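**Q** A predicted structure for the sequence below; I have some questions about it.
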2 protein chains.
Amino acid sequence: INADEPEQINAFLNSINPADTALAVSRLNSAEQSRLLTLLRPEEAAEVIEDISDTQAADLIEELPPEQAAAILEELDSDHIADLLGELDQDDANAIIEQMDPEEAEEARQFLTYAADTAGGLMLSEYLDFRGDQRVQDVLDDLQENREDYAYYDVQYLYVTDDENRLRGVLRMRDLLFPKRTEKLSNLMISSPHKVSVDASLEDLRNFFEEHALFGVPVVNDDEKLLGIVLPEAVEEANQKQSTQQFLGLSGIIGGEEFRSMPLLARSGRRLSWLSLNIVLNIIAASVIALYQDTLSAAIALAVFLPMVSDMSGCSGNQAVAVSMRELSLGLVRPTELLRVLGKEASVGVINGLALGVLLGAVAYLWKGSPFLGLVVGGALAVNTIVAVSLGGAIPLLLKRAKLDPALVSSPLLTTVTDMCGFFFVLSFAALVLDKL
Amino acid sequence: INADEPEQINAFLNSINPADTALAVSRLNSAEQSRLLTLLRPEEAAEVIEDISDTQAADLIEELPPEQAAAILEELDSDHIADLLGELDQDDANAIIEQMDPEEAEEARQFLTYAADTAGGLMLSEYLDFRGDQRVQDVLDDLQENREDYAYYDVQYLYVTDDENRLRGVLRMRDLLFPKRTEKLSNLMISSPHKVSVDASLEDLRNFFEEHALFGVPVVNDDEKLLGIVLPEAVEEANQKQSTQQFLGLSGIIGGEEFRSMPLLARSGRRLSWLSLNIVLNIIAASVIALYQDTLSAAIALAVFLPMVSDMSGCSGNQAVAVSMRELSLGLVRPTELLRVLGKEASVGVINGLALGVLLGAVAYLWKGSPFLGLVVGGALAVNTIVAVSLGGAIPLLLKRAKLDPALVSSPLLTTVTDMCGFFFVLSFAALVLDKL
């Protein structure tokens, strides 16, 4: 396919759906990927870029000469351009912007100043605005005339602005169906429409669209000037991206997404950064065992149960972390409601701690025939489960209050503490009854 | 607030946004929640129901007398009704359906037969359909006349059907703007429109909306009869729900969502079901240590490193699991591409295994001054990391091929195997050089 046959490639790409395009592109090595984009016309290349994830697209764009990258970017919508440029480093982004059409370059520069997960970062500049003294017929004429340009707009509303571009009102497309064609927009529009500020957060936007079932909301700056529109899809997408980051973060992949098409060393490095931190946490936890070496060699059977107790409590704690994170993200719990969460989780901890402790204690007793081993192991698991579940429920709230990301930090922090406590409970309980083990 | 003052409650609920409603409702105990719904008028209660999650809503509905539940449900849209009834047990659902208006009951019964994550389960019955020989003026008249009913419809398209309700064409709202009012719909409509089958999967629908930027797609049965429409929002929502399930499943909460407002025993039980399985897996893994007790008591320092090696490899493996799951869900890897994934992951495993092995080996050497201890511990971690990363990459693909849910099973399966292997490598390597430790 890669034998310099742009026609064939394009026919092929058009014949498959976006998911398959992404699959096909990720199968090429990076030299082939650049060749592919070079062979295609900018608008075709832009379609490929739209089908793959932003991280992959930014990697590709980076490899292209700036003029070519600029030509491709100009085919994308304003929100997407800003996302891609935001993923590049400053110099690459500037080099590309300089090659863009001056008007689009100005806009791109402007869009880059907005933080990614705010209304500014999510908005589109593709909207329709008219003046209040224009008539229905003027609008219809304009729509007819610019039919082709507007075909790419995702438009449900018309915005009405004044001479200084301040937002005055809004009209739904279908509001044009019924009135007389000589009516002025200012008489038809809904004045003082819903709007959001350019620095509204993702959470604000999510709440807005939950409350108002609208197909878009205008974004204004402090002077009420209309800057763009945010569509609910963009908010959904940003949400989705946030939960993906959360998922990858929980699994210990920090600093962005990983795809297997990325270079080996980059993938190793990204994963190692988290693993090296984890090794330090592990050393801290294991040092508890080192302190109790004598106890352990006197009752070597305990060594079997050390990893079990710490692992089981870790699992119990992580369940509580998951519930807290979910309730935080749904707004069902506030970061300040620490006592309420501690109470609720401690009760679960007591029940599950007793159940698991009895179970593991029985296993230990049956295995070695020693009731004291059973008591030590079962007791340690029960106490450590209560600690783990209560902590697990509380940690995400505490991190949120400390403005840290609970998704990244909760689980390793919890695991380290529960490991330490688990080792400590097993070994210190054992030390108390050492002569009977 | 709960002092029998429906007016005040309603005013209060209207004054706060949906997220706060959810928060407020989840703070009440279940008796108060039922009282709340009983005090409100059905349409007000329906609004509360819309603001809270389906799981919470179903719990609430279950507590109400069937007539009252039916009255509330009738205020919701068809998709939502089916979702809620689907969460109830069969008997409760039937009792409620019997109390509903016969027409709505028939529809609800029909909707319940569709699987949740298919086009049938996601579709709405609220759409507009007309006959091909109707004229633009007829449609405009109908829209005017039924203005109020349609206000709740989320309508961008008009569907054209024949006498047997077979889908013939589609029109966009704005297509009514330009033509003459006497034109027949059959001359304006796009014939052979996009459509999906009633049993299209969530993945099919996601691909469809990725490929076609439409505001909805008609759902037809095998005879091409129009049954409903699926909106992209419904697909997004189902997607979001799926990834939430995945997130909770990964953290060991199976069998649905957990909220702290649920009864204590239900919460404990749900978590215990997974923990009891985990305890069995842990016992299997720890039995390896039991086999090597003699080695361990001869070199007790190893006990410090056992949990570290198994834990570190578990983390490395879970990173690979996360990347595989992400690539599977984006369609960037197929379940059959096992060798490719194994190759890619093994390379990362070798690099990270060496890096971590050298690090932990050095720590062991520095601590005890024994080069052999360093070699045993470092070597075991290196080998086990390679095993864990390769397995971690492969397991989600294997589970997918075996039609099991990778989100639920990958992580525990991986951890058990890497624990076993980790213990085995440390202790068997140690057994080889036992006299030198």
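**A** Here it is on my side, so go on. Numbers count the residues shown, from 1 in each chain, chains lettered A, B, ... in the order given.

**Q** gap between the nearest residue to residue A:165 once chain neighbours are set aside and chain B?
**A** Distance criterion Cβ to Cβ, 6 or more residues apart in numbering or on different chains; nearest residue to residue A:165, sequence neighbours excluded, is residue A:225 at 4.9 Å. Heads up, the C-betas are built off the backbone N, CA and C, glycines and all. Residue A:225 sits 26 Å away from chain B, going by Cβ to the nearest Cβ, to the nearest Å.

**Q** likewise for residue A:367?
**A** Distance from residue A:367 to chain B, counting by Cβ to the nearest Cβ: 8 Å.

**Q** show me what contacts that residue?
**A** Neighbour list for residue A:367: A:301, B:290 [criterion: Cβ atoms under 8 Å, 6 or more residues apart in numbering or on different chains].

**Q** and it, what's its pLDDT?
**A** With respect to pLDDT, residue A:367 has a value of 91.

**Q** now the helix or strand hosting it: buried residues?
**A** Residue A:367 belongs to helix A:338-368 when assigned by DSSP states H and E. Across helix A:338-368, burial judged by 16 or more other Cβ atoms under 10 Å in any protein chain shown covers A:341-342, A:344-357, A:359-361, A:363-365, A:367-368.

**Q** okay, angle between the helix or strand where residue A:237 lies and helix B:232-250 too, please.
**A** Assigned by DSSP H and E, residue A:237 belongs to helix A:232-250. If you take axes from the mean of the first three to the mean of the last three Cα atoms, to 10 degrees, helix A:232-250 sits at 10 degrees to helix B:232-250.

**Q** what packs against helix A:232-250?
**A** Packing partners of helix A:232-250 (3 or more Cβ pairs under 8 Å, 6 or more residues apart in numbering or on different chains; DSSP states H and E): helix A:119-122, helix A:202-211, helix A:406-432, helix B:232-250, helix B:302-330.

**Q** neighbouring contacts of it?
**A** With Cβ under 8 Å, 6+ apart as the test, helix A:232-250 has contacts from A:79, A:116-117, A:122-124, A:154, A:202, A:205-206, A:209, A:214-216, A:254, A:257-258, A:325, A:405, A:407-408, A:411, B:232-233, B:236, B:239-240, B:243-244, B:246-247, B:250-251, B:322, B:326.

**Q** how about a cut-off of 7 Å?
**A** Residues outside helix A:232-250 that contact it (Cβ atoms under 7 Å, 6 or more residues apart in numbering or on different chains): A:79, A:117, A:122, A:202, A:205-206, A:209, A:215, A:257, A:407-408, A:411, B:236, B:240, B:243, B:247, B:322, B:326.

**Q** equivalent analysis for stretch A:9-22, please.
**A** For stretch A:9-22, contacts defined as Cβ under 7 Å, 6+ apart pick out A:1, A:36, A:39-40, A:44, A:48, A:51-52, B:207, B:210-211, B:330-332.

**Q** how about stretch A:426-437?
**A** Outside stretch A:426-437, the residues that touch it by Cβ under 7 Å, 6+ apart are A:292, A:295-296, A:298-299, A:302, A:305-306, A:309, A:370, A:372-373, A:376-377, A:379-380.

**Q** which of those come close to chain B?
**A** The overlap between the contacts of stretch A:426-437 and the neighbours of chain B (Cβ under 7 Å from any Cβ of the partner chain) comes to A:296, A:306.

**Q** the residue nearest to residue A:165 bridge partners, please.
**A** In this entry, residue A:225 is beta-bridged to residue A:166, by DSSP bridges.

**Q** what number of residues are in the vicinity of it?
**A** Residue A:225: 15 surrounding residues under other Cβ atoms under 10 Å in any protein chain shown.

**Q** residue A:164 versus that one, what's the distance?
**A** Counting by Cβ to Cβ, to the nearest Å, the separation of residue A:225 from residue A:164 is 7 Å.

**Q** before we move on, what about residue A:208?
**A** Distance from residue A:208 to residue A:164, by Cβ to Cβ: 25 Å.

**Q** so who does the residue nearest to residue A:165 touch?
**A** Listed by Cβ under 7 Å, 6+ apart, the contact set of residue A:225 reads A:164-166.

**Q** what about the stretch 151-300 of chain A, any weak spots by pLDDT?
**A** In the predicted model of the stretch 151-300 of chain A, residues A:151-155, A:178, A:246-247, A:249-257 satisfy pLDDT under 70.

**Q** now the strands for it?
**A** For the stretch 151-300 of chain A, the strands defined by DSSP state E, counting those that start in this stretch cover A:157-161, A:167-172, A:190-191, A:196-197, A:217-220, A:226-230.

**Q** want to throw those into a markdown table with distance to residue A:109?
**A** Below are the strands of the stretch 151-300 of chain A laid out as a markdown table (distance: least, Cβ to Cβ, whole Å):
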| stretch | distance to residue A:109 |
| --- | --- |
| strand A:157-161 | 22 |
| strand A:167-172 | 23 |
| strand A:190-191 | 33 |
| strand A:196-197 | 21 |
| strand A:217-220 | 17 |
| strand A:226-230 | 14 |
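
**Q** which among these is found nearest to residue A:72?
**A** When these are compared by Cβ to Cβ, strand A:226-230 sits nearest residue A:72, at 21.7 Å.

**Q** what's next to the closest one, contact-wise?
**A** The contact list for strand A:226-230, computed with Cβ under 7 Å, 6+ apart, reads A:119, A:122-125, A:127, A:129, A:159, A:161, A:165, A:167, A:196, A:198, A:205, A:216-221.
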